[in-house]
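# give me a model of this one.
(2 chains)
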Amino acid sequence: SQQGEEDPQALSIQEGENATMNCSYKTSINNLQWYRQNSGRGLVHLILIRSNEREKHSGRLRVTLDTSKKSSSLLITASRAADTASYFCATDNNQGGKLIFGQGTELSVKP
Amino acid sequence: DGGITQSPKYLFRKEGQNVTLSCEQNLNHDAMYWYRQDPGQGLRLIYYSQIVNDFQKGDIAEGYSVSREKKESFPLTVTSAQKNPTAFYLCASSPPPSGKWDTQYFGPGTRLTVL
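Below is the predicted model:
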């Protein structure tokens, strides 16, 4: 079963705007990760946030984690057309090495 | 170049045939994984292997088989028992638990179509 649920399923914005995607999960976790997938390609790891962290930054990416609400958000600032892709959250679900992926948010950034 | 490769990129299968998808990595990773992705969907785990000569079923193992005879290779066979095999198949690997616990590195995928 899928643990992570992303919201929204699809998001369309203009270049330069910020994009926010949310992920909710059901059970306790060690960490939560975000991945990106360009159409027809494999996934690329973006960022990992541990359960004892609340916020993490990497370039134009900002991830937050609220373990009390079992939710995370991914913010992409100053978006570019090249950010167009699907974004997935994944949790470890305390099962040592296994990740559970959400359904993904399809982001479209229009130039 | 270090990385994870999958072949072929596209694969066509007739109903009733078994086909094998290749996955190779030269990252010296212990763990390897196979996922299935259907259009507009997330990834579902088929099989995974934490160490050579050992593997476990994932959430949707029925109709699939794997082997892990070498650390760098984890081939997936889609058997005729898999009723709806048309999908995008992704292989991934991950190092032993470390500072990057559970981060997975993905291959480019194989798109399988049943004719």
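# contacts, neighbours, all on C-alpha from now
Will do.
# how about the residues of chain B near chain A?
B:31, B:40-44, B:59, B:90, B:94, B:97, B:101-109 (Cα under 8 Å from any Cα of the partner chain).
# helices along chain A, start to end?
For chain A, no helices are identified by DSSP state H.
# and it, which residues reach chain B?
Where chain A comes near chain B, counting by Cα under 8 Å from any Cα, the residues are A:1, A:33, A:40-45, A:48, A:88, A:92, A:96-104.
# wait, residue A:8 sits on residue A:22?
Yes - here residue A:8 reaches residue A:22: they are 7.1 Å apart, a contact under Cα atoms under 8 Å.
# more neighbours: which of these two?
Between residue A:8 and residue A:22, residue A:22 has the larger neighbour count (other Cα atoms under 10 Å in any protein chain shown), namely 22 against 14.
# tell me the contacts of residue A:38?
Applying Cα atoms under 8 Å, 6 or more residues apart in numbering or on different chains, we find residue A:38 in contact with A:84-86.
# by neighbours, which of these wins?
The most crowded member of these, judged by other Cα under 10 Å, is residue A:86 (22 neighbours).
# please save the CA atoms from stretch A:77-87 in PDB.
Extracted C-alpha coordinates of stretch A:77-87, given in PDB (Å, rounded to 0.1, in the frame of the first residue of the first chain):
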ATOM      1  CA  THR A  77      11.400  28.800  -5.300                       C
ATOM      2  CA  ALA A  78      11.800  30.900  -8.500                       C
ATOM      3  CA  SER A  79      10.700  28.000 -10.700                       C
ATOM      4  CA  ARG A  80      12.100  27.400 -14.200                       C
ATOM      5  CA  ALA A  81      10.700  25.600 -17.200                       C
ATOM      6  CA  ALA A  82      13.400  22.900 -16.500                       C
ATOM      7  CA  ASP A  83      11.700  22.100 -13.200                       C
ATOM      8  CA  THR A  84       8.800  20.600 -15.100                       C
ATOM      9  CA  ALA A  85       8.700  17.000 -13.800                       C
ATOM     10  CA  SER A  86       6.900  14.700 -11.400                       C
ATOM     11  CA  TYR A  87       7.900  14.900  -7.800                       C
END
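# what's the nearest residue to residue B:78 if we skip its chain neighbours?
Closest residue in space to residue B:78, ignoring its immediate chain neighbours: residue B:64 at 4.8 Å, by Cα to Cα, 6 or more residues apart in numbering or on different chains.
# I figured the one you found hits residue B:76, correct?
Yes - at 7.0 Å, residue B:64 and residue B:76 qualify as touching, with contact defined as Cα under 8 Å.
# show me where chain A has strands.
In chain A, the segments counted as strands under DSSP state E are A:5-7, A:10-14, A:19-24, A:31-37, A:43-50, A:55-58, A:61-66, A:71-76, A:85-91, A:100-101, A:105-110.
# mind giving me the packing neighbours of the fourth one?
Here strand A:31-37 is seen to pack against strand A:43-50, strand A:85-91 when contacts are counted using 3 or more Cα pairs under 8 Å, 6 or more residues apart in numbering or on different chains; DSSP states H and E.
# ok, now which ones touch the residue nearest the centre of chain B?
Centrality entry for chain B: nearest residue to the mean C-alpha point is residue B:34, 2.7 Å, by Cα atoms, centre = their mean. By Cα under 8 Å, 6+ apart, the contact set of residue B:34 is B:45-48, B:76, B:89-92.
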